[in-house]
Structures are given as C-alpha cells and as structure tokens.
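Q: what follows is a protein structure lacking sequence information:
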C-alpha cells in the first residue's frame, strides 16, 4: 500500500496573485482553511502516512503552519533555494524515496480512489501512472493520447480543443528508480509536463493513465479558486 505522497508547493502562483497575494498558492484559504489541509486530509484518509513537500516561494508560511506533523502524518520538506520548476521540484523530492509514491500538485484537488489507482498501476507494470479526467475546457490542460485497449499514454501532444477529452488530473503514482535515472539527464529548472514526462516516454518508460470521475478542482485561476469553497 502506498504510504508516501510528494506535494509540489514551490511555485509562485502568479495567475492567482491578484486575489491571493500574501501566501503561497497551496495555502490559499478555502472556507478559512488552507487548501493544502483539504488535500492532505483526503490522502491521510486513504492511508498516506508521510508527506514530502517541495517548497520554495514563501516557504516559511507552509513550514511554520504545519511543522513536522499533520494529524497522523509526518511531514518532510525539501527546499528549492532557486526555482526548479515542477519537474525539478519533483526530482529533488524523490531523491531519497525508494518505494512507490504519490505525486500531487499543490494547487489541485482530485478525488482518486487510491486502491483502484494502485491496482491499475501494478496490473500494467507501470512506472508512472496518471489519473485522468474529462474536460471541455479548451487549451488549459495537457493534451494526451491514451491507448483504448490498455491505457498506455501514447503521446503528450494530442490536441487540447476536443470536447470531452481526457486530461491530466495532477495525481500520479510513481516508481522512483526509472524516474530518477531519467532525471539525471537534466540540470536546473525542469518542467514536469514539458521536459520530464516527454523524456520519460522517449526513453521507453512505462507511462499509463486511468480515468476517474471524482471531483476535480484547480485553484490556479481566480474563478476556480472562488468555486472551490462550494466544492470542498
């Protein structure tokens, strides 16, 4: 069973800065609670026992608030002294992890059934499994092509304008070893979706995706941030 979750919380959140300017985006208040609390509550309830949080921008706000524990879970922080991008933050956080782990975006909440995700991941001998959702929003989320027979991610370059297309939900189940090997090919700032994942496919990594129908919210833009209070 998966016990560790990495949360990427080091970004500057520029798109949300007009409405949330004094805290990092994962700490944006939703109904008087930080967004990050909702996320951690959900995964603790599914058995996660440790969070590794990649922090950078206004890191002290997160560290001072949560400390070394949140409810039943331990917290370990990895600090981006200079901005490393989503991929760089992930590679920093996974460096000392040697077992399957979750990777979560610090600004998205997606109801994914962890036992189902883990079962799919193991049955397909996947190294990296993406949780997918359906969207009608044009251009906002990563486009991808998924093999209808087995869920293998064939391409990350699919059109992003198709109505009802599958999109990346920002919840991943990862086997560290192959990802670490790919990560050694990069230095400095790295994008998860534009650099690391395409390189993973190029190097014949086993990347799969499974669709989930649970609630999804991305607080990265003001309209969805305001909508989150009614969803969470």
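A: In hand now; what should we look at? Since we're looking at a predicted model, the values are computed, not measured.
Q: pLDDT score assigned to the residue of the chain most remote from its centre?
A: Most distant from the centre of the chain: residue 149, at 25.2 Å, with distances by CA atoms, centre = their mean. Note on residue 149: pLDDT of 87.
Q: ok, it to residue 208 distance?
A: 11 Å (CB to CB, to the nearest Å). Backbone N, C-alpha and C define where each C-beta goes, glycine included.
Q: for residue 156, same thing?
A: Counting by CB to CB, the gap from residue 156 to residue 208 is 13 Å.
Q: which residue of the two possesses the greater neighbour count?
A: Taking neighbours as other CB atoms under 10 Å, residue 156 and residue 208 compare with residue 208 leading, 22 against 18.
Q: you'd agree residue 79 is up against residue 55?
A: Yes - here residue 79 reaches residue 55: they are 5.8 Å apart, a contact under CB atoms under 8 Å.
Q: of these two, which one has the most company?
A: residue 55 (24 against 13).
Q: pLDDT score for the more buried one?
A: 96.
Q: give me phi/psi at it?
A: Main-chain torsions, residue 55, degrees, to the nearest 10: phi -120, psi 160.
Q: again with the one 10 residues further on
A: The main-chain torsion angles of residue 65 are listed as degrees, to the nearest 10 and equal phi -70, psi -50.
Q: which residues does it contact?
A: By CB atoms under 8 Å, 6 or more residues apart in numbering, residue 65 lies in contact with 27, 34.
Q: also residue 185?
A: For residue 185, the contacting residues are residue 199, by CB under 8 Å, 6+ apart.
Q: do the same with residue 198
A: Contacts of residue 198 (CB under 8 Å, 6+ apart): residue 156.
Q: mind starting the numbering at 41 from now?
A: Right, with 41 as the first residue, what we last looked at is residue 238.
Q: what strand or helix carries it?
A: According to DSSP states H and E, residue 238 maps onto helix 237-242.
Q: chain center to that helix, what's the gap?
A: Helix 237-242 sits 17 Å away from the centroid of its parent chain (CA atoms, centre = their mean, to the nearest Å).
Q: before I go, just wanted to say thanks for your time.
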